[in-house]
Structure formats: structure tokens, C-alpha cells
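> got a predicted model here, sequence first, then my questions.
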Amino acid sequence: MISSESIKKKALELGFQKVGIAKAEATPNEKADLETWLKQGRHATMEWIVKRKNERSDIHTYFPAAKSVISVGLNYQIGKGQNDISSDYKLSNYAWGEDYHDVIKKRLFQLLGWMKETHPDLKGIACVDTSPVMDKVWAQRAGLGWLGKHTNLITRDHGSWLFLGELILDIELEYDEPFNDDLCGTCTACVDACPTQALNEYQIDARKCLSYLTIEHRGDLPDTEGNLHGWIYGCDICQDVCPWNEKFSKISNIPEFKVREEIMNWTNKDWQNLDEDGFRKLFKGSAVKRTKYVGLKRNIENNVSSES
């Protein structure tokens, strides 16, 4: 039987900064929370969450043979912030480099392949946040960290600047203790800093969230949420103000997350003149393609009108 210790060692060798292992079991409390959140309409137009809610809230509906969940974290903080950008337009720094879905999955498949070398009958699924898996729940259960008031996972040694991924396996392993401490304490920096009041402690209302509005929302922006506060893709405000990020974040050594020079150097006019062909070239292999050219152009134009 492959050992949990050897799996963790290999995961770290592949570049992951955090790794823990949890038993694949029912999550009834989280299932109830998800149902309530959806009934309140806080998912906005993200109907893909509704369509696969049963898989998301029950790991055995998604993968019936599941026995263990390996949760990993990959640091994407590159040591630069929005103040280092030449233009007034802001992009969440998770999208400055290569698409994290590809970066994480590549390493997860390498980990799974390494395990199959000695256990060829092993069955597993590599997951990122496009999979119907509650990644933050499993990260907490695997001991990586706790759910912050901004709804992101926070770790002691990297703050919340981590992408999460999972390997769901059909074998039993040795499991880590869950991270049961809430180290946010009385701090409400993220809740207070959110310019659209999208955060209520430990809950988010996507209908107000700048990340949702600039990435997932299709068509015209709602009249009540028309001010994007300079953001054209995503938003980092709640993470930027988090004391755990200010004190404990580390610079990533993942080469794929190196920032595209245009994001740092382009002026307002460069962004305003971006055409569809330029969009495809600039964001090839980038998470920004999620919003499509029409979405990014809408966001840029919204900020232009806000300036005037």
C-alpha cells in the first residue's frame, strides 16, 4: 500500500506548497449550507452550480468509489500588486500568468501517474475548481487551513494566495486532522473593505461581487452594480487587506505564473484599443479567456464611462 507520507513528499517535489489528505465521507452540514445559499439566489446566474449541486454536496455522487481526497495548494503570489500596474485598470493577479487550471491539473496528473507506477489498478480523478467538488471544504478537512470571512481558504504559512486542487482516490490512506481553528478572530478587514458589500461574514453574494460581475456575468451589468471600481477582470480587495496575507504570504516559484508584461505595462489607451484578435493573442493560455472578449471590453468601457 502506498503511504500518505510518500504521496505528500512527491506532491511537494512537484511544486505544491500545501498537501493534506482527508477521508472521503458525507458533508451534510456543507450540503445544507449550499442549499440555503442557492435558495437565496446568491449564486446569481451561475446555474452550473445548481445543475451539479448533488455532486458538489456529496462526493460519492460524483465519484462513487471515493475513499480518500488529497488536497493540494499552489502559491500564486508573485510579489507584485495593483499599484505596480501602469494603467488604472485592475486585473486579479491570479490571472496574470498561465491558466491555473492547466498548471494545477498537469501536476495532479503527474502525481496520479507516479502513484499508478506502483499501483496500476488505482482509480482517481484530478479536480480543480471547474469540477463539482467543494475544494475549500476538503482543504479544511485535510488540514490545510480554515475558511476565512472572505470565503477563501486561509493558511498559516501562505495566507489565502493559493490555488486549490484535489485527487480523489479509490484507496484508503492515512488521514490528516482537519483544521478546526478559526484564526480570523474578531477581524473584519475583508468585510469592511468590500466596495459593494458583497461579503457577510463567511458568506458571499455573487450578485454584488466584482469578481462575478467582471468574469461570470453575461450581457449588460445590472444598473445597481454598474461601478466596477477600476476592475476589468476579477477583484483582489478582500485578499489584499487580509492580515494573514500581509504578514505571511510568500513569493511563488512557479514559472507558469510569471506575469504577462502587457498587464504591467499597458496604458489605459492600450486597453481601450484592444481588439478581438489582440485579446486572443494576449490571453492565449490565460484564465482571462473565461470572460471572453465581449466581457472584457464591456468592463473596460464601464470603467471609461465611470472616469468621465
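Yes, it's here. Quick caveat: nothing in here was measured; it's all calculated off a predicted structure.
> flag the shaky bits of the stretch 101-250 of the chain, pLDDT-wise.
Scanning the stretch 101-250 of the chain for pLDDT under 70 picks out the ranges 224-226.
> residue ranges of the helices in it, please?
Ranges of helices in the stretch 101-250 of the chain, per DSSP state H, counting those that start in this stretch, are 135-141, 189-193, 210-211, 237-240, 243-248.
> which among these is found nearest to Asp121?
helix 135-141 (23.7 Å; Cβ to Cβ). Where you see a C-beta, it was placed from the backbone N, CA and C, and this is true even at glycine.
> from the chain's centroid, how far away is that closest one?
Here the centre of helix 135-141 is set off from its chain's centre by 12 Å, with Cα atoms, centre = their mean, to the nearest Å.
> summarise which helices and strands that helix is packed against.
Applying 3 or more Cβ pairs under 8 Å, 6 or more residues apart in numbering; DSSP states H and E, we find helix 135-141 packed against strand 18-23, strand 68-75, strand 146-147, strand 153-154, strand 162-169.
> residues in contact with stretch 97-115?
In this structure, residues lying in contact with stretch 97-115 by Cβ atoms under 8 Å, 6 or more residues apart in numbering are 2, 7, 10-11, 14-16, 70, 72, 74, 76, 78, 94, 122, 124, 126-130, 163, 165-167, 169, 254, 256-260, 285-287, 289.
> pull out the buried positions in that stretch.
97-101, 103-105, 107-108, 110-112, 114-115 (16 or more other Cβ atoms under 10 Å).
> quick one, strands of the stretch 201-308 of the chain?
203-204, 231-233 (DSSP state E, counting those that start in this stretch).
> let me have the ones you listed in a markdown table, extended by mean neighbour count.
A markdown table is the format used below for those (neighbours: other Cβ atoms under 10 Å):
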| stretch | mean neighbour count |
| --- | --- |
| strand 203-204 | 18 |
| strand 231-233 | 25 |
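> what would these look like in JSON lines with distance to Leu296?
Formatted as JSON lines, these follow (distance: least, Cβ to Cβ, whole Å):
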{"stretch": "strand 203-204", "distance to Leu296": "22"}
{"stretch": "strand 231-233", "distance to Leu296": "6"}
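> ok, which of these comes nearest Asp84?
Nearest of these (Cβ to Cβ): strand 231-233, 15.6 Å.
> can you tell me how far the closest residue to Ile85 other than its chain neighbours sits from Phe63?
In space, and not counting its chain neighbours, Ile85 is closest to Met264: 6.0 Å by Cβ to Cβ, 6 or more residues apart in numbering. Relative to Phe63, Met264 is positioned 41 Å away (Cβ to Cβ, to the nearest Å).
> what about those two, which has more around it?
Ranked by neighbour count (other Cβ atoms under 10 Å), Met264 and Phe63 place Phe63 first, with 20 against 13.
> what pLDDT does that one get?
At Phe63, the predicted lDDT confidence score is 98.
> check Trp266 too.
97.
> count the residues that sit near Leu34.
19.
> shouldn't it be in contact with Asn54?
No. Leu34 is beyond contact range of Asn54, at 10.0 Å (criterion: Cβ atoms under 8 Å).
> count of residues packed around Ser86?
13.
> please name the nearest non-neighbouring residue to it.
According to Cβ to Cβ, 6+ apart, the nearest residue to Ser86 is Asn265 (5.4 Å).
> the one you found contacts Asp84, doesn't it?
No. Asn265 is not in contact with Asp84 according to Cβ under 8 Å; the separation is 10.2 Å.
> how is this structure partitioned into domains?
4-78+97-169, 189-307 (automatic domain parsing).
> export the ones you listed to TSV and append columns for distance to Asn180.
Below are the domains of the chain laid out as TSV (distance: least, Cβ to Cβ, whole Å):
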stretch	distance to Asn180
domain 4-78+97-169	8
domain 189-307	15
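> closest one to Asp176 among those domains?
Taking the domains of the chain one by one with Cβ to Cβ, domain 4-78+97-169 is closest: 3.9 Å.
> give me the beta-bridge partners of the nearest residue to Trp244 once chain neighbours are set aside?
Residue nearest to Trp244 in three dimensions, not counting chain neighbours: Gly159, with 4.3 Å by Cβ to Cβ, 6+ apart. Beta-bridge pairing for Gly159 (DSSP bridges): Thr155.
> cool, thanks, talk later.
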